[in-house]
Each structure stands twice: as C-alpha cells, then as structure tokens.
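Colleague: coordinates only, sequence not included:
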C-alpha cells in the first residue's frame, strides 16, 4: 500500500521569535520522526541545509533493539565517508554539478552533513536526504576506504598541531574514548566490516535520532513537506531506544605532562583542565559553558591586562587561544599557542589564574565581556550558515538558541567565579608540549 499523502498544512509547527534581533525560526516534529528547523532569511541568496546525528567517535559501545554492540574506534568517521558513496557515484560530484558546495564532519559526539547553494536548493536537499538515509555498503568500497583513511591517519601523525592536541587528549583522559583520535587508529579501522557500518547506520541514523536545520529565503512548510515525503518514500522505520555506555573516568588527569620533539620552528604549548563533573544536557550545560568561557575572557582574553603583559614579554602571540566545551560525558578547557618560553608562559598563566580566582571580576570587566560575548553571538545571525549550525548545536544541547542572550545577561560575577573555582584545579590539569628537534 502506498504511503498516505502528507499534508504540511496540518502539521503542528512551533514558531520561535526573538524580539532582540526581530527574527523567527520554525520547528516541527515530522511524522517520520525527524525534527526539522527552518530559519527564513528574507532577501538572502545563499541557502544552507545541515543534517546532524547525535552520534560521534565516542559512541562505540551501545545497546539497541535488545542487542549489545562494541564497535572499533573510528567507525563513526568511516561511516561518514561511506555515506557519500552511491551506485550513481560520489555525491560530492553530484552536489558540485548542481552548484552546491558540500561537506561533512565527525566530532566526538555528533556527525553533520551539509551543503550551501544559491540555486537548485530543493534538488540539493533531496540529494542530502538520500545521502544520510539511503546508504550503500559494498565490501570493495569499504576495503578501498580503509586504504584512504589509513593514509589520512598516517598523514595526521606528521602534523604538529594534530600531535600536540592528540597528546593532550591522551594525557587528559585515562579511559574515556575521547582519548582516541576521532578517525580511530590504523589498526582499529582494519577491523571495520560492512555489517558493522550497516548496524551503526541503522542505530544512529534513524530519523528520530537526527535533526535537520535549514536557513535561507525559504518557505518553512514547503521544506517540511519535501523532507517528510522524501524520508517517508524510503520506508524507514522508527528505531528503538539507544543506550550508550562509557567507561568511568577518574577525576584526575591520566598524565600531568607530555613533551614530544618534532620538526617545528618554535615550541608549541597547550594546557588543559578536565571537566570533573560534566553537566547534563540542557540549561545546566549551557550555563557552565557560558560561565567558564566568560571567565577565560576576563582572565586572558585579548585586551586584558594579563594578555597585554604576556604579549609584551613575548610569552604569547596571536596564535594563543582559550576556550571551554563540554558534553554530558566529558569536557575541558584548552588554552595554548606558540611560544619561545613554554615554562615562562605556563607559570605566568597559573599565577594570573590564581589571582583571578582570589579577586574575582570587576563590574566593568563583567559588563565588557558580556557585551563582547553577545556581540559575537548575535553577529552570527547575519549569515545563513551560522544560523543553521546554531539551531543544530543548541538542539543537541536541548536549549533554545534565542534564550542565550537572556542567560548571558543574567549570569553574575559570583556565578562565574564559583564555576571557575570548581573547574580550575591542580589534579585535573595537564600540559602538552612540542619542542624543536
């Protein structure tokens, strides 16, 4: 029996309006199980669509439909590559023929597939829907992909920025799979089979585990109707509950310091603090992220006394950055850059941090960093790509993106200092160095 005609006119659509920027996005839970967002941007030629799944490199051990699975490291990234391969050819070429630029990316907890275009949006959206929901796993393609990814992994090993970051992750975490490169290892990818790829796709690429975010000069209901019809035509069923499992991670870091010699012109320095109590998804996670990142900006953001002093001494330069991010199972603050004196930079940063944790934030500094944070956030809505990706990111955080300005405006200096004091310790800190050979 053919599927019943789908009428988008009767679909309950939630409209979310922001008086602050006078913009509205629309969200609907489609009958196929997919959550879809559309952010209309009147007058803009560029259009963007991104599918995301709450599935990344750390999700190797899970239970689904009554069975338990343990997958090789790197399979999420491998699956991302394979989904572009179809019987008609590589979909990257197909997107290019239709005037679109397309790509994908696997992170620790999520995987995304996206395109941007000016014309042929509906055709490109159909292609993207087929990309994620209609896989082909031929054994010869899988074997060929192993050779490609193996070369990729070996190439990364020779890249200084990759090496210092990977050493940092391995030092931060003793057991959590975030200590393993997103692409896996040369050994682990050799164990990947077509059957395992099919199982991971069936588990994590169900419409109910995915989300679509679209931005551009588009009719929301037309987008919802097209996507529902496309997914429904593929005959995808609703999946069962997914239960992920992760090893228990100690509060302290696995290794306090790691140094490696490579062919680099100057030393590279990274220092990190592991999140010892990762917050649950929702408001708590966003509050923690905002508080720690505001603390970092107040401490060592460009224009602060500490930054200007260390810059003047030549201890840091424009390559230096600092940020905090978290998920429900792991997170960290990471800072660093190139420096001729890693030891001097580390000591100066720790001394500045100690003073900050003792003295707190001055009121005028708090107002300044809030304005800076909100300014950067609001400027993102001037372009379609950040609009789509922001909807996706905050969907996975279970938080309304339009509520962020209110949260930031209400956060107090006391709350920031409390979060910083709980996060920046000694036992959860590690340092990764690359020094010239």
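Modeller: Now that the structure is in, tell me what you want to look at. Bear in mind the structure is a predicted one, so any value in this text is a computation, not a measurement.
Colleague: Domains of this structure: list them as residue ranges, please.
Modeller: According to automatic domain parsing, the chain comprises the domains 9-244, 257-436.
Colleague: In its sheet, which strands sit next to the helix or strand bottoming out on mean pLDDT in the chain, and in what direction?
Modeller: Every helix and strand of the chain was ranked by mean pLDDT, DSSP states H and E. The lowest is strand 89-90, at a mean of 91. On the basis of DSSP bridges, the sheet neighbours of strand 89-90 come out as strand 85-86 (antiparallel).
Colleague: Show residues contacting the strand it pairs with.
Modeller: Outside strand 85-86, the residues that touch it by Cβ atoms under 8 Å, 6 or more residues apart in numbering are 91, 130-131, 134, 136, 138, 141, 145. From N, CA and C alone the C-beta is placed, and that goes for glycine too.
Colleague: Out of the domains of the chain, which gets nearest to residue 250?
Modeller: domain 9-244 (5.7 Å; Cβ to Cβ).
Colleague: chain center to that closest one: distance?
Modeller: Domain 9-244 sits 12 Å away from the centroid of its parent chain (Cα atoms, centre = their mean, to the nearest Å).
Colleague: ok, what's across the strand from residue 211?
Modeller: Here residue 211, judged by DSSP bridges, has bridge partners residue 35, residue 52.
Colleague: Let me know the average pLDDT across stretch 147-162.
Modeller: Stretch 147-162 shows a mean pLDDT of 94.
Colleague: Could you list the buried residues of it?
Modeller: Within stretch 147-162, the residues scored as buried using 16 or more other Cβ atoms under 10 Å are 149-150, 153.
Colleague: hey, where'd the helices end up in the stretch 51-200 of the chain?
Modeller: Remark: helices assigned in the stretch 51-200 of the chain by DSSP state H, counting those that start in this stretch are 75-82, 91-97, 121-133, 139-157, 160-172, 186-190, 194-204.
Colleague: which of these is buried the deepest?
Modeller: Among the helices of the stretch 51-200 of the chain, helix 75-82 has the highest mean neighbour count (mean count of other Cβ atoms under 10 Å), at a mean of 23.
Colleague: which strands and helices sit next to that one?
Modeller: Under the contact definition 3 or more Cβ pairs under 8 Å, 6 or more residues apart in numbering; DSSP states H and E, helix 75-82 sits against strand 101-106, strand 111-117, helix 139-157, helix 194-204.
Colleague: if we go to 10 Å?
Modeller: Other elements packing on helix 75-82 under the criterion 3 or more Cβ pairs under 10 Å, 6 or more residues apart in numbering; DSSP states H and E are strand 47-53, strand 101-106, strand 111-117, helix 139-157, helix 186-190, helix 194-204.
Colleague: Next one: the closest residue to residue 184 other than its chain neighbours from residue 204, what distance?
Modeller: Distances taken as Cβ to Cβ, 6 or more residues apart in numbering put residue 74 closest to residue 184, at 1.7 Å, once the chain neighbours are dropped. Going from residue 74 to residue 204 by Cβ to Cβ, to the nearest Å gives 15 Å.
Colleague: Report the two of the contacts of strand 85-86 separated the most.
Modeller: By the measure Cβ to Cβ, 130 and 145 form the most distant pair in those, at 19.1 Å.
Colleague: Would you quantify the distance from residue 95 to residue 139?
Modeller: 26 Å.
Colleague: same thing with residue 181?
Modeller: Residue 181 is 25 Å from residue 139, by Cβ to Cβ.
Colleague: Poorly predicted segments of this protein, please.
Modeller: In the predicted model of the chain, residues 1-10, 238 satisfy pLDDT under 70.
Colleague: Distance of residue 255 relative to residue 87?
Modeller: Residue 255 is 47 Å from residue 87, by Cβ to Cβ.
Colleague: Settle it for me: which of those two has more neighbours?
Modeller: residue 255 (15 against 7; other Cβ atoms under 10 Å).
Colleague: And for the residue nearest to residue 34 when sequence neighbours are not counted, the neighbour number?
Modeller: With Cβ to Cβ, 6+ apart as the criterion, residue 34 has its nearest non-adjacent residue at 4.0 Å, and that residue is residue 207. Number of residues near residue 207 (other Cβ under 10 Å) recorded here: 27.
Colleague: Relative to residue 72, how far out is residue 207?
Modeller: In terms of Cβ to Cβ, residue 207 sits 26 Å off from residue 72.
Colleague: ok, residue 103 - contacts?
Modeller: Counting by Cβ atoms under 10 Å, 6 or more residues apart in numbering, residue 103 touches 50, 84, 92, 95, 112-116.
Colleague: now residue 66
Modeller: Contacts of residue 66 by Cβ under 10 Å, 6+ apart are residue 240.
Colleague: try residue 267
Modeller: Residue 267 makes contact with 164, 259, 338-343, 345, 433-436, according to Cβ under 10 Å, 6+ apart.
Colleague: List the ones among these that fall in helices.
Modeller: If you go by DSSP state H, the contacts of residue 267 have 164, 342-343, 345 in helices.
Colleague: what packs against the host helix or strand of residue 223?
Modeller: Using DSSP states H and E, residue 223 maps to helix 220-233. Helices and strands touching helix 220-233, by 3+ Cβ pairs under 10 Å, 6+ apart, are strand 23-29, strand 35-40, strand 47-53, helix 121-133, strand 210-216.
Colleague: what's the angle from that helix to strand 23-29?
Modeller: Helix 220-233 and strand 23-29 are oriented at 30 degrees to each other (axes from the mean of the first three to the mean of the last three Cα atoms, to 10 degrees).
Colleague: Direction-wise, compare helix 220-233 with helix 121-133 and give the angle.
Modeller: Here the directions of helix 220-233 and helix 121-133 differ by 40 degrees (the same axes, to 10 degrees).
Colleague: Can you tell me which helices and strands the next helix or strand after helix 220-233 packs against?
Modeller: Beyond helix 220-233 on the C-terminal side, the first helix or strand identified by DSSP H and E is strand 242-244. Applying 3+ Cβ pairs under 10 Å, 6+ apart, one finds that strand 242-244 contacts strand 61-64, helix 194-204.
Colleague: what pairs with the first one, and is each one parallel or antiparallel?
Modeller: So that's strand 61-64. Within its sheet, strand 61-64 is paired with strand 67-70 (antiparallel), strand 242-244 (antiparallel), according to DSSP bridges.
Colleague: List of residues touching the longest one?
Modeller: When contacts are taken as Cβ under 10 Å, 6+ apart, the neighbours of strand 67-70 outside the stretch itself are 60-63, 196, 199-200, 203, 240, 243, 245.
Colleague: buried set for that strand?
Modeller: Under 16+ other Cβ under 10 Å, strand 67-70 has no buried positions.
Colleague: now the nearest residue to residue 190 once chain neighbours are set aside: how far from residue 188?
Modeller: Among residues not flanking residue 190 along the chain, residue 146 sits closest, at 6.2 Å (Cβ to Cβ, 6+ apart). With the distance defined as Cβ to Cβ, residue 146 ends up 11 Å from residue 188.
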